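> Sequence below, structure please.
(chains A and B)
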Amino acid sequence: QKEVEQNSGPLSVPEGAIASLNCTYSDRGSQSFFWYRQYSGKSPELIMFIYSNGDKEDGRFTAQLNKASQYVSLLIRDSQPSDSATYLCAVWNTGKLIFGQGTTLQVKP
Amino acid sequence: GAVVSQHPSRVICKSGTSVKIECRSLDFQATTMFWYRQFPKKSLMLMATSNEGSKATYEQGVEKDKFLINHASLTLSTLTVTSAHPEDSSFYICSADGTSGSAQYFGPGTRLTVL
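Predicted structure coming up:
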């Protein structure tokens, strides 16, 4: 069983729509959760992190955490073509980040 | 946030040579840095945890004698790929703790091509 799981996609949404990216993790003791965006050929860029159950909003991005369900998601409102990238979910566990395989998002004009 | 730099950004070398990659934290001190490798269309694979002033901790399956890590100061960690071979060709990325708890900030990466 993979420690952090994401649907590889691609997830395709029209411009202006809400993109919903999901991630599940296996270790119930995990404390910190991160979303990174990675453009092709570039290194990951931190979008958001969340530690507590509930929602955390930053501009067009909202991270949602449900520790009971071991589930973390990222919502992108008003999606733009420039949001097209691979989104990596990561969980901090035993002193290191565990990454999911990433979800490719395509925002079509 | 935090700024992490890497040098070089791209390197092409002949098989059998050694390549050194530098990772620097520019505006903060990092007692711990991490080295990752990423193959095309794959996720990041943690290679090792680099600890300032002590030996690196390598992930299972990573050859410590092939991937030498030195973390001599609080702002610099180096990864040396010794006797590189074509199968070592990859995108190598370092990261360091920033100012937001355990959030990791990544360097821009180094693309290594071994001919």
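> Partner strands of the longest strand seen in chain A, with direction?
When every strand of chain A is counted residue by residue (DSSP state E), the longest turns out to be strand A:85-93. Under the criterion DSSP bridges, strand A:85-93 sits next to strand A:32-38 (antiparallel), strand A:96-99 (antiparallel), strand A:103-108 (antiparallel) in its sheet.
> Contacts for it next, please.
Under the contact criterion CB atoms under 8 Å, 6 or more residues apart in numbering or on different chains, strand A:85-93 has outside partners A:3-4, A:6, A:21, A:23, A:25, A:27, A:29-40, A:44, A:47, A:72, A:74, A:97-100, A:102-105, B:43-44, B:102, B:104. C-beta: built from backbone N, CA, C; applies to glycine.
> Emit the ChimeraX select command for whichever of the residues you listed are buried.
The command below creates a ChimeraX selection of those among the contacts of strand A:85-93 that count as buried (16 or more other CB atoms under 10 Å in any protein chain shown):
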select /A:4,6,21,23,25,30,32,33,34,35,36,37,38,44,47,72,74,97,98,99,100,102,103,104,105 /B:43,44,102,104
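> what stretches of chain A score poorly on pLDDT?
Low-confidence segments of chain A, defined by pLDDT under 70, span residues A:1-2.
> Residues of it that sit close to chain B?
A:32, A:34, A:36, A:42-46, A:49, A:51, A:88, A:90, A:92, A:95-97, A:99-102 (CB under 8 Å from any CB of the partner chain).
> I'd like to know how many residues surround the closest residue to A:Ser8 other than its chain neighbours.
Excluding the flanking residues, the one nearest A:Ser8 by CB to CB, 6 or more residues apart in numbering or on different chains is A:Gln101, at 5.7 Å. The number of residues packed near A:Gln101 is 18, by other CB atoms under 10 Å in any protein chain shown.
> For A:Gly9, see how far away A:Gln101 is.
Between A:Gln101 and A:Gly9 the distance, using CB to CB, to the nearest Å, works out to 10 Å.
> again with A:Lys67
With distances defined as CB to CB, the gap from A:Lys67 to A:Gly9 amounts to 25 Å.
> just to revisit the earlier point, alpha carbons only: can I get the longest strand of chain A in PDB?
Only the C-alpha atoms of strand A:85-93 are listed here, as PDB (Å, rounded to 0.1, in the frame of the first residue of the first chain):
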ATOM      1  CA  ALA A  85       0.700  21.600 -14.000                       C
ATOM      2  CA  THR A  86       1.300  18.600 -11.800                       C
ATOM      3  CA  TYR A  87       0.100  18.900  -8.300                       C
ATOM      4  CA  LEU A  88       2.000  16.900  -5.600                       C
ATOM      5  CA  CYS A  89       0.500  16.000  -2.300                       C
ATOM      6  CA  ALA A  90       3.100  15.500   0.400                       C
ATOM      7  CA  VAL A  91       2.900  14.300   4.000                       C
ATOM      8  CA  TRP A  92       5.500  15.000   6.700                       C
ATOM      9  CA  ASN A  93       6.200  11.700   8.500                       C
END
